[in-house]
Structure formats: structure tokens, C-alpha cells
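S.K.: no FASTA, just this:
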């Protein structure tokens, strides 16, 4: 995945994009309840920096179709997003 800027301002800005940068190795994150709260609001896009057992469960087509959400993962062998502050 090429390095690119991603606007993750949340629901108040109207962007509806969220970046999750955790692979679950240390603390089993991302927390399923936290992601469920994002998914529960229709029209969100969740960008995951890792495709792991903790993140790919949100790529379920039925859930995505019901809530009209999208999930994005880096292509195999590619780096994820880089957040510069």
C-alpha cells in the first residue's frame, strides 16, 4: 500500500473514517466492543493496519452489508498507513 494521508476525523466531521493500528499481539486489541461501536453507525470505513484474527472478523460481508460499512486492509506484503502528527 503506498503511503497516503487518511482523514480520520470521525462522525462530527462527516468523514466516517477510522484507523486501527493494532495487530493484537500484546493486548488482543483492537477491542471488539470498541470496533462494534464504530460498526453500529452506518456508513463508516475502518482502515486496519494489520490483517489478523483480531481484525479480519470485521470483514464479514453480512455485517458490512447490513451496516453499509467498509473495511480496508493493506495488501499482502505491503505496509499499512503511517500516521504523522
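M.R.: Cool, got the structure. A quick note: this is a predicted structure, and the numbers were derived from the prediction, not measured.

S.K.: show me which residues of the helix or strand harbouring residue 38 are buried.
M.R.: In this structure, residue 38 is located in helix 32-39 according to DSSP states H and E. Under the neighbour-count criterion of 16 or more other CB atoms under 10 Å, helix 32-39 has 35, 38-39 buried. Placement of C-beta: from N, CA and C, glycine included.

S.K.: then stretch 40-51?
M.R.: By neighbour count, with 16+ other CB under 10 Å as the criterion, the buried positions of stretch 40-51 are 44-51.

S.K.: mind giving me the packing neighbours of the helix holding residue 38?
M.R.: Contacts defined by 3 or more CB pairs under 8 Å, 6 or more residues apart in numbering; DSSP states H and E place helix 32-39 against strand 45-48.

S.K.: can you list contacts of the strand it packs on?
M.R.: Residues lying outside strand 45-48 but in contact with it, judged by CB atoms under 8 Å, 6 or more residues apart in numbering, are 6, 8, 16-21, 35, 38-39, 55, 58, 69-73, 80-81.

S.K.: among those, which ones are buried?
M.R.: The neighbour count (16+ other CB under 10 Å) marks 8, 16-20, 35, 38-39, 55, 58, 69, 71-73, 80-81 as buried among these.

S.K.: so residue 62 sits in a helix?
M.R.: Yes: when classified by DSSP: H, G, I helix; E, B strand; the rest coil, residue 62 is found to be part of a helix.

S.K.: how deep is it tucked in, by neighbour count?
M.R.: Burial measure for residue 62: 7 neighbouring residues, criterion other CB atoms under 10 Å.

S.K.: ok, now how distant is it from residue 37?
M.R.: In this structure, residue 62 and residue 37 are separated by 18 Å, where distance is defined by CB to CB, to the nearest Å.

S.K.: ok now stretch 63-75, how far from the chain's centre?
M.R.: Centroid separation for stretch 63-75 versus its chain: 8 Å, with CA atoms, centre = their mean, to the nearest Å.

S.K.: kindly report the same for stretch 77-85.
M.R.: The answer for stretch 77-85 is 13 Å, by CA atoms, centre = their mean.
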